[in-house]
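Colleague: Kindly generate the corresponding structure for this input.
(chains A and B)
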Number of protein chains: 2
Amino acid sequence: MTTPIEDLGAARIAEPDEGISVEELRLAARNHGMPLEALRYDVTPHGLHYLLIHYDIPEIDESSWLLRIDGLVNLPLVLDLDELRRLPRVTHTVTMECAGNGRARLSPRPVSQPWLDEAVGCARWTGTPLAALLDRAAVEPEAVDVVFTGADHGLDRGVEQDYERALPLAEAMWPEVLLAYEMNGEPLLPQHGAPVRLLVPGWYGMAHVKWLRRITVLDHEFTGYQQSVSYRMSKEADEPGEPVTRIRPRALVCPPGFPDFMTRQRIVDAGTVPLRGRAWSGVAPVLRVAVSTDGGTTWQDARVHPAPERYAWQAWDWEWTAAPGHHELSVRATDASGLTQPVDQPWNRQGMSNNMVQRLPVLVRG
Amino acid sequence: MTTPIEDLGAARIAEPDEGISVEELRLAARNHGMPLEALRYDVTPHGLHYLLIHYDIPEIDESSWLLRIDGLVNLPLVLDLDELRRLPRVTHTVTMECAGNGRARLSPRPVSQPWLDEAVGCARWTGTPLAALLDRAAVEPEAVDVVFTGADHGLDRGVEQDYERALPLAEAMWPEVLLAYEMNGEPLLPQHGAPVRLLVPGWYGMAHVKWLRRITVLDHEFTGYQQSVSYRMSKEADEPGEPVTRIRPRALVCPPGFPDFMTRQRIVDAGTVPLRGRAWSGVAPVLRVAVSTDGGTTWQDARVHPAPERYAWQAWDWEWTAAPGHHELSVRATDASGLTQPVDQPWNRQGMSNNMVQRLPVLVRG
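Modeller: Residues are numbered from 1 along each chain as shown, chains lettered A, B, ... in the order given. Here you go, the predicted model:
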């Protein structure tokens, strides 16, 4: 399946004062974030949801597309798109975030897709539950992992591969996991995995395999590149590190006032400034959002609204009495499991699962 | 209309070895290009068309949106969205490109939105011709410029402004110019100017004012920031420079084979490699596309297909007999006016209207 072309080196860490490279910029130009003013929408409109495409968007003819379910099953299945669409339909509103969100704010900076704060979106995904199809395929009792293979093909640190990720069987059988074929009420766009992608509510984006073409049940743990090399949290290059799984809590503020084009510095008028934003966690509902207007020295509780569905993001709001001068806004989510966003960076070599608080400079005019 | 906050300095030029700054990255994370594999689509799908949003996407209530046409007219008009949609409908397929495309490949690099090659898209735009509305408003004979004001508001080099651009009256009266309210058969997405934007086929993107709210006829030349300061071509900071107008010819190749994740280097197998791409020019139809596989030393003519409409992009194809080793692909368009893409950079301080040929490294495997 994989053909090494060059040595599998460790991911590079930038030098302390090294600017963003053209290679990182090339990734940023194609894999876009969600402009933060789009935090205003309950559901992120088409084209504003963040995107991370490891290789190319594959060219897929929907009329000949087939999904194979095989491996450790008694009744291997092959389904076409019409068959999949005739199965029971479910719609979930789900917040999705890239595991590398915030990476380019780390110091030293892991060299990869250089996200700042914006690798997120919340969409309505429609599809059919995976569990029923695994039941139909009659998974054997020795099953351990379920591997999801996409049609996107490329090279990463010397390893040629189709994008592949696995879930433990119990996670794959969880009723919320969908084979999704619609986003916001329309067929998936090419860049979001058309015709069918996996949806694993609560997990970081790498689990939601796009352009799905095969599901394989294994009697052992999957050790493919995207599982055992990429998407790990370690401090040292020779440590295997912890796997990336569920989304840690995060809150973001919808930038108030208006921006300067180049610096994105915000300008607001002194007085009452209504602040609003969203918060989410894949671990447990967000119970608390605190706001700081002085760079994290003091914090005040915002009003947090319940999510319309467990994995949709939660709205929050707070009224700021803004005095003239330079301020730094931060927001900090805490979920029902007790997880809270760190004010200082939780650094790891790949910049994964990093949920350090946002810092937004605002100039208040008198 | 404009309130200076700080001095209007010249746009900054990066030092020779200066990496991309976090500010440039912040623009790249929100203003995305078109992944170049999307050159495969005749019409760019939702969410893949390039975007340049100077300030924030404004929050507009379509039910109370109004368009005012005033200034040097005998019969000022105010229209709501229903009235606009009841006027004659026209659809044009149009290639749009940012005037700053290619800026981050220049040396030294003008510091602004850091595009590489990908600030382009081709969409089907539906709207109503502007000329009929200007006729209805009875423009006075002394009219010189027609100013288009958007609802997007911000600061640029110390000047607070609503985004505004003008066209000379004769250009504004050109029958191809539309007030567009649909893109690819659906209502405009928020990020593309909903509910209504200007469409000026053949011009760089800055002319197609988004979130249109007012059209004002002047008896003199418009000298607003986006007309007389930004979107100019000059070598020195104190020169006014030539204005940016129509799109210069450009061809791009749809990257063959598959990519390496981080470097985006392409890998193909030796043998026959079909190459394809698109070419366009806002000045005149593209007559010739030449391909080089040796970094611009030798060129071969590709087959160029006619455009389905004057301002849609034109497909081209060419068959490469690829020998093992490292190669650099370039493509070069020439239009019917005789304009051709430069192999060396046509440098100016803002990196505008730069159509230097693409350079795509490809590793051919034996």
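
Colleague: On the three-state scheme, residue A:268 is what?
Modeller: Three-state assignment for residue A:268 (DSSP: H, G, I helix; E, B strand; the rest coil): strand.

Colleague: give me every residue that touches it.
Modeller: By Cβ atoms under 8 Å, 6 or more residues apart in numbering or on different chains, the residues touching residue A:268 are A:256-257, A:322, A:362-365. The C-beta positions use only the backbone N, C-alpha and C, and glycine is treated the same way.

Colleague: Please pick the buried ones from those.
Modeller: Buried members of those, counted by 16 or more other Cβ atoms under 10 Å in any protein chain shown: A:256-257, A:322, A:362-364.

Colleague: these two touch, right, residue A:122 and residue A:96?
Modeller: Yes. Between residue A:122 and residue A:96 there is a contact under Cβ atoms under 8 Å: 7.4 Å.

Colleague: Which one's more surrounded, those two?
Modeller: The neighbour count for residue A:122 versus residue A:96, taken as other Cβ atoms under 10 Å in any protein chain shown, is higher for residue A:96 (29 against 23).

Colleague: and the gap between that one and residue A:168?
Modeller: Applying Cβ to Cβ, to the nearest Å, the value for residue A:96 to residue A:168 is 20 Å.

Colleague: Report how many residues lie close to whatever residue of chain A ends up closest to chain B.
Modeller: Nearest residue of chain A to chain B, counting by Cβ to the nearest Cβ: residue A:19, 1.7 Å away. Neighbours of residue A:19 under the rule other Cβ under 10 Å: 20.

Colleague: Next, the contact list for it, please.
Modeller: By Cβ under 8 Å, 6+ apart, the contact set of residue A:19 is B:18-21.

Colleague: How about residue A:269?
Modeller: Residue A:269 touches A:257, A:322, A:364-365, counting by Cβ under 8 Å, 6+ apart.

Colleague: Quick one: the strands in the stretch 1-150 of chain A, in order.
Modeller: In the stretch 1-150 of chain A, the strands defined using DSSP state E, counting those that start in this stretch lie at A:66-71, A:77-80, A:90-97, A:120-129, A:145-156.

Colleague: can you redo those strands as CSV with mean pLDDT and distance to residue A:272?
Modeller: Shown next, in CSV, are those (pLDDT from 0 to 100; distance: least, Cβ to Cβ, whole Å):
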stretch, mean pLDDT, distance to residue A:272
strand A:66-71, 98, 54
strand A:77-80, 98, 56
strand A:90-97, 98, 29
strand A:120-129, 98, 28
strand A:145-156, 98, 48
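
Colleague: Out of those strands, which is closest to residue A:47?
Modeller: Closest to residue A:47 of those, according to Cβ to Cβ: strand A:120-129, at 10.1 Å.

Colleague: That closest one and chain B in contact?
Modeller: No. Taking Cβ under 8 Å from any Cβ of the partner chain as the criterion, strand A:120-129 and chain B are apart, separated by no less than 10.8 Å.

Colleague: before we move on, what about stretch A:30-45?
Modeller: Yes. Stretch A:30-45 is in contact with chain B by Cβ under 8 Å from any Cβ, via A:30-33, A:35-38, A:40, A:45.

Colleague: Okay, buried residues for that stretch please.
Modeller: Buried, per 16+ other Cβ under 10 Å, within stretch A:30-45: A:30-39, A:41, A:43-45.

Colleague: now residue A:199, which residues is it bridged with?
Modeller: Residue A:199 has these beta-bridge partners by DSSP bridges: residue A:178.

Colleague: Tell me the bridge partners for the residue nearest to the spatial centre of chain A.
Modeller: Centrality entry for chain A: nearest residue to the mean C-alpha point is residue A:97, 2.2 Å, by Cα atoms, centre = their mean. Beta-bridge partners of residue A:97, counted by DSSP bridges, are residue A:120.

Colleague: What of residue A:110?
Modeller: On the basis of DSSP bridges, residue A:110 is bridged to residue A:13.

Colleague: what sits against it?
Modeller: A:11-14, A:103, A:348-351.

Colleague: One more: residue A:336?
Modeller: The contact partners of residue A:336, taken as Cβ under 8 Å, 6+ apart, are A:284-287.

Colleague: Low-confidence bits of the stretch 251-366 of chain A, can you list those?
Modeller: Along the stretch 251-366 of chain A, the model assigns pLDDT under 70 to no residue.

Colleague: Get me the contact residues on the stretch 101-250 of chain A for chain B.
Modeller: A:104, A:111-112, A:114-116, A:118, A:153-157, A:160, A:189-192.

Colleague: if you set the cut-off to 10 Å instead, what comes out?
Modeller: Contact residues (Cβ under 10 Å from any Cβ of the partner chain) of the stretch 101-250 of chain A with chain B: A:104-105, A:109, A:111-119, A:152-161, A:163, A:183, A:186, A:189-192, A:194, A:230.

Colleague: Give me the buried subset of the residues you listed.
Modeller: Among these, the ones that count as buried (16+ other Cβ under 10 Å) are A:104-105, A:109, A:111-119, A:152-157, A:159-161, A:163, A:183, A:189-192, A:194, A:230.

Colleague: hang on, the earlier thing: just the contacts of residue A:269: which are in strands?
Modeller: A:322, A:364-365 (DSSP state E).

Colleague: hmm, back to that, and which of the contacts of residue A:268 is nearest residue A:134?
Modeller: Checking these against residue A:134 by Cβ to Cβ gives residue A:256 as the nearest, at 46.9 Å.

Colleague: and that closest one, what does it touch?
Modeller: A:37, A:266-269, A:273-277, A:320, A:322, A:329, A:360, A:362, A:364 (Cβ atoms under 10 Å, 6 or more residues apart in numbering or on different chains).

Colleague: Identify, from these, the entry nearest to residue B:130.
Modeller: Closest to residue B:130 out of the contacts of residue A:256 is residue A:37 (28.3 Å), distances taken as Cβ to Cβ.

Colleague: Just give the closest residue to the closest one, not the sequence neighbours.
Modeller: Spatial nearest neighbour of residue A:37, excluding adjacent residues (Cβ to Cβ, 6 or more residues apart in numbering or on different chains): residue B:56 at 4.4 Å.

Colleague: Ok, residue A:76 next?
Modeller: Leaving aside its sequence neighbours, residue A:76 sits nearest to residue A:70 (Cβ to Cβ, 6+ apart; 4.2 Å).

Colleague: quick one: contacts for the one you found?
Modeller: A:76-78, A:137, A:214-217.

Colleague: Which of the residues you listed fall in helices?
Modeller: Counted as lying in helices by DSSP state H, out of the contacts of residue A:70, are residue A:137.

Colleague: For residue A:85, grab the count of nearby residues.
Modeller: Residue A:85 has 17 neighbouring residues, counting by other Cβ under 10 Å.

Colleague: surely residue A:254 meets residue A:279?
Modeller: No. When contacts are counted by Cβ atoms under 10 Å, residue A:254 is not listed as touching residue A:279 (11.8 Å).
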